[in-house]
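>>> What follows is a predicted structure for the sequence shown.
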Amino acid sequence: MSYMYVAMISLLVGGLMGLLQVLARSGEFELPWGINYYTILTVHGVILALVMTSFFIIGFQNALMGKTIGFSKKQLNWAWVGFWIMLIGTVIAAVTILIGKANVLYTFYAPLKAHPLFYIGITLVVVGSWVTAAVNFRQFYLWKKAHPNEKSPLLAFMVIINMLMWCIATIGVATSMLIEIIPWSLGYKNTINVLLSRTLFWYFGHPLVYFWLLPAYMAWYAIIPKVIGGKIFSDSLARFSFILFLFFSIPVGLHHQLTEPGLDSTWKFIQVILTFMVVIPSLMTAFSMFATFEITGRKKGYGGLFGWLKHLPWKDVRFLAPFVGMLAFIPGGAGGIINASYQINTMVHNTIWVPGHFHLTAATTVVLTFFGIAYWLIPHLTGRKLTDAVNRLGIYQTILWGVGMTIMSTAMHIQGLAGAPRRSNFSDYGGTEQAAEWGAYQMAQAVGGTILFFAILLMIFIFIKMIFFSPKGEQEFPIAQEEDHAEPTPKWTENWKLWIAITLVLILFAYTVPIMDVIQNAPPGSAPFDWPIGS
Ligand code: HAS
C-alpha cells in the first residue's frame, strides 16, 4: 500500500502538470508567475513516467510475489529498505525540479545540465529498485530450492523476468550517471560525451517501456482470465513471450536515435530489425487474449463468429479498464511499428506524434490496466470490498479516460504528421502557414487534456473512497488456473542461465561496436577517459 500511496500522489501532481501543459500549448493561456514551460514538462515526465510507474509496478509485483511465493520477515525488512531508498531519491529529485534547478526533461539529455542532486535522486530511485529486485530474486531462489521439480508460479516467473530485464537495463543509465553525468554536474569535468550519455540512456530507455508494459501483461495473462470466469489459455505461451521480451527489449535502444549523427547506420538498421523481433511477443499476447476471450465465451455457450464477445463482463471495471487499455494498444502498437520503420521515423521523430504514441501505449494501455488492478488490489490490501458504487464510478472513470485520451492523442498524431514539434511551448513561428495548420489540433489537445485531468481527479476520489470509506471485508486476489487440456509447460522455460546468456550475447552484439565508436570518435576532453581530471 505504501507504494500505492506514492503512485497516487504522483498521478495527481503529474496530471496537474499535464493540464498546465496542454493549456499552455493551446496558445490561449500563459503559465502564471513566470513558471518555466520546461519545469512543468520535466515534472510531468519524471513524476509520471519514472516515479508513478516504478512505484506502482514494484508495489504490484511485491503483492504478486507475496501471494504466490511469500515473504519471510527478513525479506520484508529488505523490501522496506528498497522502498525508503526509492522514496528519498524521489523527494530529492522532485524538489530540485520544483525549484527550477532541473529543467532537463525525463530523458535528461546532455548537454542540458541539472543540479547534481537531481541525478543523485534519480540514481537512488534505481538503487532502491535494485534492493527490491535482489529481494525478489532471493525469494524465487529459495522457493525453487524448496520445490526442486515443480514449475514456478507463473506470476512469480513473470516478475523475475521483468526485474532481470530492469537490472540489466539500468546498468546503462547507472554507468552514464556515475562515470559521466554526476562528475560533470558536480563540476569535476567541463565537457561530456553527449553521444555516449544518450546511447547509454536509450540502452535503458527502451527496456524501460517494457518494464511498464510487462506488469500490464501479467494482469492480462493471469488475472483477467479469472475476472471473466475463464482460464489461462497457455502457461507455456505466456512464459515464452516473457522470455522473448527479456531477449529483445534491450538491444533496440538505437531506434530512438535513428536521426542522431555519429552512429553508424548499419547498427541502427540492425537494431531496427531487433525492434521488429520485440513486436512478436506482443502479437503472441494479442493472440492469447483473443483465445482466452473466445474459449471462455464458447464454454459459457455463446455461439456464432463473435457471439463470445457478449459474455465479457462489460459492467465489471476490473475487466473494462484493462480492456480499453488493450483496445488502445492496437493503434498504439501500430504507431510503434511506424516509429520503428527506419525511413518513416524521419518524418515522425521529434514531432508531437511521438507523445501521441506514448500517451496511447504508456498512458492508456498501461495506466488503464494499472487502474484495473488497483480496483481489486487496494481493497484486498486494506481489508475492504470493491463496492458497486466504486465499480460504477470506475466505469465512468474509464470512459472519461478513453474519451479524453482519444481526443488528445489523435490530435497529437495528426499534428505530428503536419510537422508540429514535441517538447515546445506554443509559438506561431512568425506567423508561418504551417504553424497555423496546427491551431485547431492544439485546441483539441487542450480539450482532451482537460477531460483527462477530470478523469485523474475522479480516480483520486475513487482511491480515497476505496481506502477509507468502503465497507470492511475480503476482496478476492484473482489469479487464474490454466486450461484443463493444456499441455504441461516444458521444463526448458526455466533455463535461467541460458536466457541470461542469450540476453547478454544479443546486447554485446548490438552495442559493442556502437559504444566503441562513440568513445573512440568522441571530441577531446569527453568523458569517460580523462575523468576525473577534467578539461
Ligand atoms: Fe514506443 C518512442 C517503437 C511500444 C513507449 N515509445 C516511444 C516513447 C515512449 C514509448 C515513452 O522505433 C518516447 C520516448 C521519448 O521520449 O523519446 N514502441 C515501439 C514499438 C513498440 C512500442 C515497435 N512504446 C511501446 C510501449 C510503450 C512505448 C508498449 C510504453 C508502454 N517507440 C518506438 C520507437 C520510438 C518509440 C521507434 C522512437 C520514436 C522517435 O523517433 O522518437 C512495440 O512494442 C509495439 C508492439 C505492439 C503491438 C500491439 C499488440 C496489441 C495488443 C492488444 C490486443 C487487443 C486485444 C483486445 C486482445 C503489435 C497486445 C481486442 C479485443 C477486441 C474485441 C477487438
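Looks like it came in fine. These figures come from a predicted structure and were not determined experimentally.
>>> Next to the ligand, which bits of the stretch 151-300 of the chain? Give me the list.
Residues of the stretch 151-300 of the chain lying close to the ligand (CB under 6 Å from any ligand atom) are 209, 212-213, 255-256, 275, 278-279, 282-283, 285-286, 289-290. The C-beta positions use only the backbone N, C-alpha and C, and glycine is treated the same way.
>>> now those residues: which count as buried?
Among those, those scoring as buried are Val209, Trp212, Leu213, His255, His256, Thr275, Val278, Ser282, Thr285, Met289 (criterion: 16 or more other CB atoms under 10 Å).
>>> ok, the second one touching Thr365?
Just to be clear, that refers to Trp212. No - shown here, Trp212 and Thr365 do not form a contact pair, counting by CB atoms under 8 Å, at 9.1 Å.
>>> Can you read off the pLDDT for Ile464?
Looking at Ile464, its pLDDT stands at 97.
>>> So what's the residue count around it?
Ile464: 11 surrounding residues under other CB atoms under 10 Å.
>>> what residues does the protein put near the ligand?
Of all the residues in the chain, those lying near the ligand are 107, 209, 212-213, 255-256, 275, 278-279, 282-283, 285-286, 289-290, 309, 326-327, 329-330, 333, 336-337, 339-340, 345, 349, 354, 357-358, 361-362, 366, going by CB under 6 Å from any ligand atom.
>>> For stretch 155-163, the averaged confidence score.
For stretch 155-163, mean pLDDT is 98.
>>> The residue of the stretch 401-535 of the chain found nearest the ligand and Asn495, how far apart?
Distances from the stretch 401-535 of the chain to the ligand, computed as CB to the nearest ligand atom, single out Arg422 as the nearest residue at 7.9 Å. Separation of Arg422 from Asn495 (CB to CB, to the nearest Å) stands at 42 Å.
>>> on that earlier part again, state the pair within the buried ones among the residues of the stretch 151-300 of the chain next to the ligand that is farthest apart.
Between any two of those, the greatest separation by CB to CB is 27.7 Å, found for His256 and Met289.
>>> My read is that Pro490 contacts Leu237, right?
No - using CB under 8 Å, Pro490 is not in contact with Leu237; the gap is 11.4 Å.
>>> So if I had to pick from those two, which one is more boxed in?
Under the neighbour definition other CB under 10 Å, Pro490 and Leu237 were set side by side, and Leu237 has more, 19 against 12.
>>> May I ask which helix or strand encompasses the residue nearest to the more buried one when sequence neighbours are not counted?
Of all residues beyond its chain neighbours, the one nearest Leu237 is Ser288 (5.6 Å), with distances taken as CB to CB, 6 or more residues apart in numbering. Remark: Ser288 resides in helix 265-299, with elements defined by DSSP states H and E.
>>> Now do that helix: which elements does it pack against?
Secondary structure elements in contact with helix 265-299, counted by 3 or more CB pairs under 8 Å, 6 or more residues apart in numbering; DSSP states H and E, are helix 194-222, helix 224-227, helix 235-248, helix 317-340, helix 342-348, helix 496-520.
>>> report the angle between the axes of it and helix 496-520?
Between the axes of helix 265-299 and helix 496-520, defined by axes from the mean of the first three to the mean of the last three CA atoms, to 10 degrees, the angle is 150 degrees.
>>> Tell me the buried residues in helix 265-299?
For helix 265-299, by 16+ other CB under 10 Å, it's 267-268, 270-272, 274-275, 278, 281-282, 284-285, 288-289, 292-297.
>>> looking at it, Asp517 is touching Pro261, isn't it?
No - the pair Asp517 / Pro261 is not scored as a contact, 11.8 Å apart, by CB under 8 Å.
>>> So which of these two has more stuff around it?
Here Asp517 and Pro261 are compared on neighbour count by other CB under 10 Å; more neighbours surround Asp517, at 17 against 6.
>>> Who's the closest spatial neighbour of the more buried one, skipping the chain neighbours?
Taking CB to CB, 6+ apart, and ignoring the residues beside it in sequence, Asp517 has Asp264 as its nearest neighbour in space, at 6.3 Å.
>>> and Tyr302, backbone torsions?
Dihedral angles phi and psi of Tyr302 (degrees, to the nearest 10) take the values phi -90, psi 120.
>>> Quickly note the distance from it to Gly230.
Counting by CB to CB, the separation of Tyr302 from Gly230 is 12 Å.
>>> When those two are compared, which one has more neighbours?
Per other CB under 10 Å, whichever of Tyr302 and Gly230 has more neighbours is Gly230, with 23 against 16.
>>> Name the nearest residue to the residue of the stretch 401-535 of the chain closest to the ligand, sequence neighbours excluded.
Excluding its sequence neighbours, the residue lying closest to Arg422 (CB to CB, 6+ apart) is Ile352, at 4.6 Å.
>>> before we move on, what about Pro313?
Across the structure, with CB to CB, 6+ apart as the measure, the residue nearest Pro313 apart from its sequence neighbours is Phe319 (4.9 Å).
>>> The one you found reaches Phe371, doesn't it?
No - using CB under 8 Å, Phe319 and Phe371 do not qualify as a contacting pair, with a distance of 11.9 Å.
>>> Please report how far the closest residue to Val51 other than its chain neighbours lies from Val43.
Closest residue to Val51 in three dimensions, ignoring its sequence neighbours and counting by CB to CB, 6+ apart: Ser10, at 4.7 Å. Counting by CB to CB, the gap from Ser10 to Val43 is 10 Å.
>>> same question, Lys73
With CB to CB as the criterion, Lys73 and Val43 are 37 Å apart.
>>> Looking at these two, which is more packed in?
When Lys73 is set against Val43 and neighbours are counted by other CB under 10 Å, the residue ahead is Val43, at 25 against 6.
>>> Now for the more buried one: which residues touch it?
The neighbourhood of Val43, defined by CB atoms under 8 Å, 6 or more residues apart in numbering, consists of Val13, Gly14, Met17, Ala94, Ile97, Leu98.
>>> and if we set it to 10 Å?
With contact taken as CB atoms under 10 Å, 6 or more residues apart in numbering, Val43 is in contact with 10, 13-14, 16-18, 20-21, 51, 94, 97-98, 102-103, 106.
>>> just Ile69 next, same as before
By CB under 10 Å, 6+ apart, the contact list for Ile69 reads 75, 136, 139-140, 142-144, 146-147, 152-153, 155-156, 159-160.
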